[in-house]
Every structure is written in structure tokens, then in C-alpha cells.
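Trainee: no letters, just coordinates:
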């Protein structure tokens, strides 16, 4: 067993993560794409990054164009999700592996949206796009042509893993994790460093939220820290326990999807919800409590 | 239909806008990727000198730009030259820079200053790349015009 496999086997739900080595073997064996194969998806912040070169066999899924409703600030409905899945050759029982840029933020975000629709077998590539490239592995601009599949119209079930503003108001006093940068948490910054275009009217954080920037869960190469290291941060330092009812948030819910993945799948927390309205909703809402 | 006449784009930029507007969403992305691929690199005199360029913070990934304006003559005679630097991992940002380079480089200062601030909204790109991402191009255009204004101020 490689050191990476050992690291992954220690997580609460090791089946949620695959290594670059494993993926390369699956590709070499012809198990990516094709009928009954694994479907590999790239989910990036940059809408063109996939087109500049992607892992062989990977299809693109865009958080904005494919997973967000074009009009309302919400995710797509079951019918649209079924179209997005079916057109990529994904059936309800397909193993889907997602990877992306920025330490897998957008990959984790896509995985979380898949989970809203109850897609069972969806995993992340540990380290994402950056690690694959750093290891000198192959990229291609060749576009696969998947055979469309039938995907059922699954009802989106938000309640278990998604929190809305009213849920958060009712949750005050229970554990909240703010995964933004320290400057955003303290209220000095109204936006993420380098991303001033998505601001808010007020700065600060939701009362009682602990500041645990998402990046603390990631290694330099974009892979996740070991279970031991993660437990030192979230359990020992922050005093959370896996049975806690936790809400995580950031700016629009993408960085907190990364933390949601860490708490839920790597540490085995049972009740973590992602508040996707996050600071762009809370920091613009009238008369909600704010702490600075 | 439109009650207010739009300020026209310079011909070079109008042509690019028309290409984008008439393309399907997939083709728009393909075109944008071509602009990203073809964005000229920095000339020798700017190599390793990003600190002499202006950083555009509104882009999702760092972009640096600078403007040179030929000396001597009136605003109608002085030609504008644009230089951009953005990493390969930021192809959308590079694509926006490529459009502005192709559409504005070589125009006169007067022509660049006359480009309407909403020009980036006229490419029909909002649907293909999301309106949030387009704000980076608006910011780039604003900085270019500001630098032209500063360099031509008497």
C-alpha cells in the first residue's frame, strides 16, 4: 500500500477519495468513459481551463452554467440535473470522479450538489488538477463523446446538507464554521482577497462562528491533510465532535463545500450543512446579527 | 427597439463582438480560448518587471497590464499599445485580455477613450461565462482608459 493509500484508508469514508495513481491505472485499463465505466468530470473556477487541456477522458461540468439555475439564486432542479447527467453518460449507479482547480474547491462544490440529488457514488481526486499536472501526467485537448445515458429525475433533497438563512438564524448558539480568510472573518475585508467583485454591504461574521480557513485542511499540493492532522484542527483545537450539528459557510458556498467534505467524509461528522447563501447573503441581509 | 442609441464600438472591436454574438455558447468559449492562446507575450523590456505594470484586482486570477502611447501629436494621431500578462492557468482572464488587445491595440488615444464602458457586455458572453466573470473585462477596460488618459494628460 502506498503512503497515499494508507492516508486515505484512515479517513471515515475512504471510498470518497481516489489517488492520481489509481485514476491513471483506471484510464490505462480503459475503465474511464465508455459504457459501465467511471465518468470523470472536471469542475473549475475558470470556465475555459478544461479546454486548455484536461485529464484524458474527462468531461467538463461548470458550477455556474450546469449546476446553478440561470434565473433564481438556486441550484438546478431534478429535470435539469438529469439532463446534465444523462448527456455526460452518467446513470444513477455510475461511479463519478470529480477534480478541479484551486485545491478542488469547485470539485467539492459539484460533489456537494450531486449529494443534494442523492447521487450515491461520487468521489474526489485527491489533489485535483494541480497535483495531476505537478506529477507530469498526461493532459489532452481531445474532447470525449460520451454515449448519453438515462438518468432519472431525482428530487433534490436540501434539508440534510444545505442550510438556508432561516435555518442559520435558528442554529445560532450551535457550532458554525467560517472558512473564509481571517480578513473577511474580522470584517476588514468585504470580499475574498483578490476577488473584490462579490462584495457585501457589511463585514464580519455570523455570531459564534469559529474561524477555520478552508485552506488549513489542504496540503501545499492541493491534497487533503491526513486524518490525524485534520482531527488536531477541528476536534482538538476547535472543540468540535463528530456528533455535532455544524453549519459551514464562506462567501457563496464553494470554499465551505471543501470544509463540508472534510468534516462529513474525511472525519465522519453526521450532521454538517453547507450554508450556500453564505456571506453574500448574510452580509447583505437586513437586520441579521453580525459579530466583528 | 432601443430607445437610446448605443455609442458605437470601434470597427475592430465591433467585428469581434459580432463574431461572439453570432456564435453558440460552445463556440463562444472556443473563440475565447483562441484569444487566450493568441495573447501576445510581454516584450523583453517588461520581462520580469510586473511591478512596473498595473495589477487588475477585479479579475478572478491576477492580470497585469500596461499601456504605452506614442509621443507627439494630437489625441487623434497618438497610437496606443497594450501589454498584458496573465498565467496560463487563467485562460478566461487571458481571453478577455486577448479580445481587448486585438480590438484596441493600434487605435489612437482618442478612439480608445471613446470606447463605451459597457463594451464588454456587448459580446453576448454573459450566458456563456456568467456575468460575474465578465466584470474582470470591464475592470480591464476601465484601467486601460485611465492609463491612456494619464499618459496623454498635458
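Mentor: Here it is on my side, so go on. Note that this is a predicted model, so its numbers are computed, not measured. Numbers count the residues shown, from 1 in each chain, chains lettered A, B, ... in the order given.
Trainee: what residues sit buried inside stretch A:204-224?
Mentor: Within stretch A:204-224, the residues that qualify as buried by neighbour count (16 or more other C-beta atoms under 10 Å in any protein chain shown) are A:204-206, A:209-218, A:222-224. (Each C-beta comes from the backbone N, C-alpha and C, glycine too.)
Trainee: next one: stretch B:18-33
Mentor: B:20, B:23, B:28-29, B:31-33.
Trainee: next SSE after the helix or strand bottoming out on mean pLDDT in chain B?
Mentor: Comparing every helix and strand of chain B by mean pLDDT, DSSP states H and E singles out strand B:54-56 as the least confident one, with a mean of 78. Where DSSP states H and E defines the elements, the next helix or strand beyond strand B:54-56 is strand B:63-69.
Trainee: does that following strand come close to chain A?
Mentor: No: Strand B:63-69 lies out of reach of chain A by C-beta under 8 Å from any C-beta of the partner chain, never closer than 10.7 Å.
Trainee: what's the answer for stretch B:140-154, then?
Mentor: No: on the criterion C-beta under 8 Å from any C-beta, stretch B:140-154 is out of touch with chain A, staying 12.4 Å away.
Trainee: run the chain-centre distance for that stretch.
Mentor: 13 Å (C-alpha atoms, centre = their mean, to the nearest Å).
Trainee: do a quick rundown of the helices in chain A.
Mentor: Assigned helices in chain A, in chain order: A:3-9, A:20-28, A:78-87, A:105-116, A:128-134, A:165-171, A:182-186, A:227-231, A:255-261, A:278-282 (criterion: DSSP state H).
Trainee: burial check on residue B:54, number of neighbours?
Mentor: When counting by other C-beta atoms under 10 Å in any protein chain shown, one arrives at 16 neighbours for residue B:54.
Trainee: quick check: beta-bridge partners of it?
Mentor: residue B:65 (DSSP bridges).
Trainee: returning to that earlier point: out of the helices of chain A, the one nearest residue A:199 is which?
Mentor: Comparing the helices of chain A against residue A:199 with C-beta to C-beta, the closest turns out to be helix A:278-282 (8.0 Å).
Trainee: report the contact partners of the residue nearest the centre of chain B.
Mentor: Residue closest to the mean C-alpha point of chain B, counted by C-alpha atoms, centre = their mean, is residue B:100 at 2.4 Å. Applying C-beta atoms under 8 Å, 6 or more residues apart in numbering or on different chains, we find residue B:100 in contact with B:82, B:84, B:137, B:140-141, B:144.
Trainee: below-threshold pLDDT in chain B: ranges please.
Mentor: Within chain B, the stretches falling below the threshold (pLDDT under 70) are B:1-5, B:57-61, B:154.
Trainee: the longest helix in it is where?
Mentor: Among all segments of chain B classified by DSSP H, the helix with the greatest residue count is helix B:131-152.
Trainee: who touches that helix?
Mentor: Residues contacting helix B:131-152 (C-beta under 8 Å, 6+ apart): A:47, A:64, A:197-198, B:54, B:56-60, B:63, B:65-69, B:75, B:78, B:80, B:82, B:92-93, B:96-97, B:99-100, B:104, B:109, B:112-113, B:115, B:117-121, B:125-126.
Trainee: pretty sure residue A:26 contacts residue A:39?
Mentor: No: taking C-beta atoms under 8 Å as the contact criterion, residue A:26 and residue A:39 are not neighbours in contact, 11.1 Å apart.
Trainee: residue A:167: which of the buried residues of stretch A:204-224 is nearest?
Mentor: Nearest to residue A:167 among the buried residues of stretch A:204-224 is residue A:206, at 11.8 Å by C-beta to C-beta.
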